[in-house]
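*Asks:* Model the structure of this input:
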Amino acid sequence: MTNRRQFIAAVTAGGTLAGLRVRATEDGRLVTQGETIPIAGTYDLVVAGGSTTGVAAAVTAARAGLSVAIVEYNAFFGGTATAGLVPVWHSLYSTDGARQIIGGITEEIEQKLLARGEARLLGKTDKSVGCYLNVASLEIALDELVREAKTIDSYLKAQVVDALLDRPGHLTHVVIENRDGRRALAAKQFIDATGDAILAARAGFKTWTQPRSDLQAHTLCAILSGADAIKKAHPSFSFEKLMGPSGGAGLKHVFQWSAPVIGAPGLTFLAATRISACDPSVARDLTEGLFKGRAQLKQIVDAANRKFPMPEGKRLALVTVAPDMGLRESRHIVAQYRVTSKDVLFGRHFDDCIAKGSYRVDIHEGSGITFRYLNGDEHVMETTPEGKIQWRRGKWRTDAGPYPTWYEIPLRALLPVGTENLYCAGRMVDCEREAYGALRVMVNCNQMGEAAGRAAARAVKEWRRNKWPITSSEKI
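*Replies:* Numbering: from 1, shown residues only. Prediction:
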């Protein structure tokens, strides 16, 4: 492990960073040797993570006049949407459909895909889906957004491995690893959009993680062929019938959902696996989770072909398995404010509001799921020991209201304690468990990215005018 104090102290002015390389001796000890890390570029802003959240941050900042580097460890942008094959964005409207509360980059992307026939809108008040997207088309649309912004340099297939500070709370460089080796990117401002708070953790800011038993479960998604043909030959077929201990797949859970793939007749998207007690910021957990997800997919496909036999060539088959899990939760930052469950469910207003959302509280846990709605309804799905679905429908709130139709996210929940020039955006937001069930979805995270991009642009413009360091807390 790099000695951070020595590494920071070794920053030089000659275009390279003198760091440390670690090697092992025969008796198992680790020793360090000097290493020179070239500076690959100097920017106003570095965005770590090329999720839709990170792209929203980078594009917003570039449109405001900043030079930007965006670093993404996949070969494409989009994060969970594309690497996880997740084709759904939630409603841009208040729960009653009376007011559009989300616009910006999210709406811009939606409109672009709708115009191309690569997305499909549902009703404004649909509780589950606002828009279905073709994720391959989304991948290309994100490329276009980034490349149209002429001041963005993209670093794909690159991993954030370290962060350098010249004083507590003040970042100067992000260290990345790509095909060229280890490189440093210098900047005035930084945004962590990695999902797992990788940059914040590498920079030494405080983070926290739920106990594994309380982490939201993840889903490894897939695209399959043959489901329509099986349904035609066997009208009783459904993925739901395959789930659970008695469904043939031998799984411990029942909840699943599927959807047609936009623009690809005959293909079906399936979200039916469940990887519980998995912290994807831990390498071993992530690896085991991927193994479990692929094994569960095979169990589902094998059970379908066993229980609903079809001729060769018309059987249910995996076309593609997502390169990554649909990750719901890992590390959270310790921010200047922690969003509470009451903030969300009672629709508290914030002076530093930077995002609005209407998606329900959605907690994937154990073998079931909990939904809580802003109108006071509560729906809890459980799996009985016999593998049957059991829904409990009631109220989490029984007073006369008034009931909110949206909730707000404050900027303070994205600012790590002690930071001078780092913003965070996305699912590492600091919030209570129940609040997280609502805030974590993509249409909310995209807004966090835009807000971080705007805040970084303001900070850089202030620096250009006044030439003094401005802390994030001063910019609220």
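*Asks:* secondary structure element for residue 270?
*Replies:* Element membership for residue 270, per DSSP states H and E: strand 267-271.
*Asks:* What of residue 224?
*Replies:* strand 222-225.
*Asks:* If we ignore the residues flanking it in sequence, what's nearest residue 299?
*Replies:* Counting by Cβ to Cβ, 6 or more residues apart in numbering, residue 299 lies nearest to residue 249, which is 4.4 Å off, once chain neighbours are set aside. From N, CA and C alone the C-beta is placed, and that goes for glycine too.
*Asks:* distance of the one you found from residue 303?
*Replies:* 4 Å (Cβ to Cβ, to the nearest Å).
*Asks:* who's more crowded, these two?
*Replies:* With neighbours defined as other Cβ atoms under 10 Å, residue 249 and residue 303 compare such that residue 249 has more, 26 against 20.
*Asks:* you'd agree the more buried one is up against residue 300?
*Replies:* Yes. Applying Cβ atoms under 8 Å, one finds residue 249 in contact with residue 300, separated by 4.8 Å.
*Asks:* ok, back up a step: how about exporting the strand holding residue 224 as PDB, limited to the C-alpha atoms?
*Replies:* The C-alpha coordinates for strand 222-225 follow below in PDB (Å, rounded to 0.1, in the frame of the first residue of the first chain):
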ATOM      1  CA  ALA A 222     -29.700 -10.400 -18.700                       C
ATOM      2  CA  ILE A 223     -31.300 -10.300 -22.200                       C
ATOM      3  CA  LEU A 224     -32.900 -13.500 -23.300                       C
ATOM      4  CA  SER A 225     -34.500 -15.000 -26.500                       C
END
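*Asks:* Need the contact partners of it.
*Replies:* Identification of contacts with strand 222-225 by Cβ atoms under 8 Å, 6 or more residues apart in numbering yields 85, 261, 266-270, 297, 301, 316-322.
*Asks:* how distant is the helix or strand following that strand from the center of its chain?
*Replies:* As assigned by DSSP H and E, the chain's next helix or strand after strand 222-225 is helix 227-233. On the basis of Cα atoms, centre = their mean, to the nearest Å, helix 227-233 is displaced by 33 Å from the centre of the chain it belongs to.
*Asks:* cool, and stretch 268-276?
*Replies:* The gap between where stretch 268-276 is centred and where its chain is centred comes out at 16 Å by Cα atoms, centre = their mean.
*Asks:* now do stretch 345-352
*Replies:* With Cα atoms, centre = their mean as the basis, stretch 345-352 stands 23 Å off its chain's centre.
*Asks:* Please point out which parts of it sit buried.
*Replies:* 345, 347, 350, 352 (16 or more other Cβ atoms under 10 Å).
*Asks:* how long is that stretch from one end to the other?
*Replies:* With Cα to Cα, to the nearest Å as the measure, stretch 345-352 spans 18 Å from end to end.
*Asks:* ok, now stretch 253-270?
*Replies:* 15 Å.
*Asks:* Sketch out the strands for the stretch 251-400 of the chain, chain order is fine.
*Replies:* 257-260, 267-271, 317-321, 331-333, 353-357, 361-365, 368-372, 377-383, 389-395 (DSSP state E, counting those that start in this stretch).
*Asks:* For the last one, C-alpha coordinates in CSV please.
*Replies:* Yep, that's strand 389-395 we're talking about. Provided in CSV are the C-alpha atoms of strand 389-395 (Å, rounded to 0.1, in the frame of the first residue of the first chain):
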residue,chain,number,x,y,z
ILE,A,389,-45.6,-14.6,-2.8
GLN,A,390,-47.4,-12.9,0.1
TRP,A,391,-48.2,-9.2,-0.1
ARG,A,392,-49.1,-7.1,2.9
ARG,A,393,-50.8,-3.8,1.9
GLY,A,394,-51.4,-1.1,4.5
LYS,A,395,-50.3,2.4,5.5
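*Asks:* Which other helices and strands does it contact?
*Replies:* Applying 3 or more Cβ pairs under 8 Å, 6 or more residues apart in numbering; DSSP states H and E, one finds that strand 389-395 makes contact with strand 377-383.
*Asks:* returning to that earlier point: what about the strand holding residue 270, distance to the chain center?
*Replies:* Distance of strand 267-271 from the chain centroid (Cα atoms, centre = their mean) equals 20 Å.
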